[in-house]
Structures are given as C-alpha cells and as structure tokens.
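Student: build the 3D model from these lines:
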Amino acid sequence: MAHVELSLPDAFVPLFATSAGAQRDDSFSRWVSTVAAADEPGLVIDTCHKIVAASVSCCSLLGLGSPAAAVGRPLVGGTLRLVDFTAARGELADPEIEKIPPLLAITSGRLARGLLRVQSDAAEADATVDAIATPLFRNRVVAGSLTFFSEV
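Tutor: Numbers count the residues shown, from 1 in each chain. Predicted structure coming up:
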C-alpha cells in the first residue's frame with residue numbers, strides 16, 4: 001500500500017494580479033460584495049462589530065429588516081436581539097454576547113461556531129440558528145468576520 005505525506009510550513013495565501021502588479025488578496029472586500037449578492041444567509045461585520053454586508057435571506061432570518069437598513073448598524077445592541085435558551089427567554093448578558101460566533105471569530109482570529117436564539121418581532125416564535133463564522137483579514141490583520149447562518 002502506498003503512503004503519501006504532505007507538510008506545509010506556512011499557510012498558502014493566493015495572490016492575484018492587478019494593473020499595479022501583484023498584491024495580496026483583500027478577502028474582506030471580496031466577501032463584502034459576495035455576501036451582499038448571495039442567496040444564502042450570510043453576514044459580514046467589521047472589527048467595530050458594525051454590519052458591512054448582509055444578504056436578503058440573512059436579514060429575513062435574523063429580523064434585521066432590509067440589507068440597506070442593516071448596513072452600518074451595530075450587530076448587537078439594538079439590531080440583533082439575542083435571548084438565552086431558558087424558558088424565561090432572557091436577554092444574553094455581555095459576557096455571553098462576546099462569545100457569539102461573529103464576534104468570537106474577530107477576537108480569537110479563528111473559526112467559531114454556535115447556536116443562537118434570535119428574538120424577532122415579525123415571527124411568532126424565536127428563531128434558533130446555527131452560526132459558522134470565520135475571521136476576514138487585510139494584510140494579515142483581522143478586519144472583520146464572515147458568518148453563515150442556517151435555521152435549526
């Protein structure tokens with residue numbers, strides 16, 4: 001039986017060519033335009049936790065209104081109302097809010113995943129969503145996060 005082993009000393013970062021020559025790919029800017037046009041529920045926030053891009057399906061799922069109304073607003077603290085999983089449906093405390101995947105991906109610089117319970121005025125029941133977030137980089141520095149949501 002054949003044995004194959006692969007070792008990569010550093011992470012591979014693809015380059016693209018521009019009229020000014022080859023530069024590092026700015027994943028943050030590319031994901032902003034991709035998410036804004038996506039059919040899937042996706043969201044991009046910056047390091048100040050403000051919404052930079054949101055798909056129509058994401059806004060519908062999370063009760064954010066239209067993408068145009070959501071962009072520029074902070075993700076938590078009025079825009080997204082998160083409640084705990086108890087029967088009392090209490091609002092999440094600040095230490096718990098810091099652990100939600102979109103914010104945790106920024107602070108940790110790593111992939112984050114978790115369940116969120118979102119309170120919405122439009123829906124009769126709260127939405128439970130699975131959130132998977134990854135940090136987005138500019139010049140090897142975290143510039144925000146990209147999160148995809150799926151209703152559970």
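
Student: can we go C-alpha only for contacts and neighbour counts from here?
Tutor: Will do.

Student: let me know the pLDDT of Q23.
Tutor: Looking at Q23, its pLDDT reads 44.

Student: I misspoke; the intended subject was A37.
Tutor: At A37, pLDDT is 95.

Student: also the one 3 residues further on?
Tutor: We note a pLDDT of 96 for E40 in this prediction.

Student: helix/strand/coil for it?
Tutor: coil (DSSP: H, G, I helix; E, B strand; the rest coil).

Student: same deal with F148?
Tutor: Under three-state DSSP, F148 falls in the strand class.

Student: got a list of what it touches?
Tutor: E40, P41, G42, L43, A131, I132, A133 (Cα atoms under 8 Å, 6 or more residues apart in numbering).

Student: by neighbours, which of the residues you listed wins?
Tutor: Neighbour counts for those peak at L43, which has 29 neighbours (criterion: other Cα atoms under 10 Å).

Student: residue ranges in this structure under the pLDDT threshold?
Tutor: 1-25, 78, 120-124 (pLDDT under 70).

Student: quick check: V52 touching V35?
Tutor: No - counting by Cα atoms under 8 Å, V52 stays clear of V35, with 9.6 Å between them.
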